[in-house]
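A.B. asks: need the 3D shape of this:
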Amino acid sequence: MAKAPLTILVATNILLTDKRIVLFTTFSHKHPRSTPMVFTRFALLPLCALCLTATAGLSADEWSEEDIAAMEGGTALPAGVHTVHFPAMAKQSVTFVSEASERIAGLVEFDGESSIGNATITIDGDSASAESHLTINVADMRTGNSTRDEHLRSEGWMHADEHPHIHFHLDNLEKLSDTVYALTGTWTIKGESQQMTSLANLRFIPSFPNFGENIVRVRSSFQLPIQEFGVTHQAVGSPAVAEVWHIDIALLGLPVEDQD
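C.D. replies: Now for the predicted structure:
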């Protein structure tokens, strides 16, 4: 099982080191405790999505209070079953960063005409369970440079002609606090699948102007070792491209009855 620092509903990462680093959107947090499988270098991979902060294979009692506190915030999901879909629109956010000597930052550009995926989350007191499937189009990844975007889609990189989508399947959801969960899911990128466990913030938004009501927001950050997913171009690990990419996901889920 792959291990790394990370959300949702999902997400993915792996490398051997003697310490664990958990990254969040605006800062990094070094974990003092040793763990057999985790990342030390940063980078990022184009991904499909949901939210997480990953460190593969940790159970609830192995996350530090600091890790969990850093992900807390918002209103807890009410008890019951929440079935939502994630429309592919501009309010969704999936970003990736390769932090080598050269810094490359990109995002997934959603067309507003499809759905990223769906999730069914059941909250029962201090326990939770969920099912979720997500899909992201490799062709929708943007880095701000059209030539570089073409390279990203080429055979040596994401090989979009053969593998046009990035997939995520949620395998397990564990509630750690009112708004923080440990997510275990399988990412499939360029035909390679790996299971990863991450932290995620899940919160309830009663109403969001110009979007909808009874919204489930999922947010997570994690690191992705791109070579573990078959991205083995000779430039990976050079001053131009990092071996591990940092990914940040924040998705808004609408109740399925609001789906067109």
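A.B. asks: the chain: strands as residue ranges?
C.D. replies: 20-23, 28-31, 53-54, 80-87, 93-99, 103-108, 115-124, 127-137, 141-142, 165-175, 180-189, 192-208, 212-225, 244-255 (DSSP state E).
A.B. asks: so which of these is the most surrounded?
C.D. replies: strand 53-54 (a mean of 34; mean count of other CB atoms under 10 Å). For the C-beta atoms, the positions are set from N, CA and C on the backbone; glycine is no exception.
A.B. asks: tell me the mean pLDDT over that one?
C.D. replies: On average, the pLDDT along strand 53-54 is 39.
A.B. asks: from residue 187, how far off is residue 211?
C.D. replies: 27 Å (CB to CB, to the nearest Å).
A.B. asks: what's the answer for residue 175, then?
C.D. replies: The value you get for residue 175 to residue 187, if CB to CB is used, is 22 Å.
A.B. asks: bridging residues for residue 197?
C.D. replies: residue 184 (DSSP bridges).
A.B. asks: oh, and call the first residue 576 from now on, that's how I've got it
C.D. replies: Renumbered: residue one is now 576, and that last one reads residue 772.
A.B. asks: make sure it is actually in contact with residue 761.
C.D. replies: No. Taking contacts as CB atoms under 8 Å, residue 772 lies outside contact range of residue 761: 10.8 Å.
A.B. asks: rewinding a little: for residue 647, find the nearest of the strands of the chain.
C.D. replies: Residue 647 lies closest to strand 755-764 among those, at 5.5 Å (CB to CB).
A.B. asks: what helices or strands is that closest one leaning on?
C.D. replies: strand 740-750, strand 767-783 (3 or more CB pairs under 8 Å, 6 or more residues apart in numbering; DSSP states H and E).
A.B. asks: circling back to that earlier point, need the strands of the chain in JSON lines (columns: distance to residue 813).
C.D. replies: Listed next are the strands of the chain as JSON lines, based on distance: least, CB to CB, whole Å:
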{"stretch": "strand 595-598", "distance to residue 813": "22"}
{"stretch": "strand 603-606", "distance to residue 813": "23"}
{"stretch": "strand 628-629", "distance to residue 813": "25"}
{"stretch": "strand 655-662", "distance to residue 813": "35"}
{"stretch": "strand 668-674", "distance to residue 813": "11"}
{"stretch": "strand 678-683", "distance to residue 813": "12"}
{"stretch": "strand 690-699", "distance to residue 813": "32"}
{"stretch": "strand 702-712", "distance to residue 813": "26"}
{"stretch": "strand 716-717", "distance to residue 813": "20"}
{"stretch": "strand 740-750", "distance to residue 813": "23"}
{"stretch": "strand 755-764", "distance to residue 813": "20"}
{"stretch": "strand 767-783", "distance to residue 813": "21"}
{"stretch": "strand 787-800", "distance to residue 813": "15"}
{"stretch": "strand 819-830", "distance to residue 813": "14"}
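A.B. asks: which of the ones you listed has the lowest average pLDDT?
C.D. replies: strand 595-598 (a mean of 33).
A.B. asks: could I get the contacting residues of residue 825?
C.D. replies: Neighbouring residues of residue 825 by CB atoms under 8 Å, 6 or more residues apart in numbering: 626, 667, 668, 792, 793, 794.
A.B. asks: separation between the fifth one and residue 779?
C.D. replies: It stands for residue 793. 11 Å.
A.B. asks: same check, this time on residue 813
C.D. replies: In terms of CB to CB, residue 813 sits 44 Å off from residue 779.
A.B. asks: on that earlier part again, quick one: which of the contacts of residue 825 is nearest residue 824?
C.D. replies: residue 626 (4.7 Å).
A.B. asks: my guess is residue 810 contacts residue 817, does it?
C.D. replies: No. Checked against CB under 8 Å, the pair residue 810 and residue 817 is beyond contact range at 10.3 Å.
A.B. asks: more neighbours, these two?
C.D. replies: residue 817 (26 against 12; other CB atoms under 10 Å).
A.B. asks: beta-bridge partners for residue 776, please?
C.D. replies: residue 794.
A.B. asks: do you know which of the helices and strands packed on strand 755-764 lies nearest residue 828?
C.D. replies: strand 767-783 (9.5 Å).
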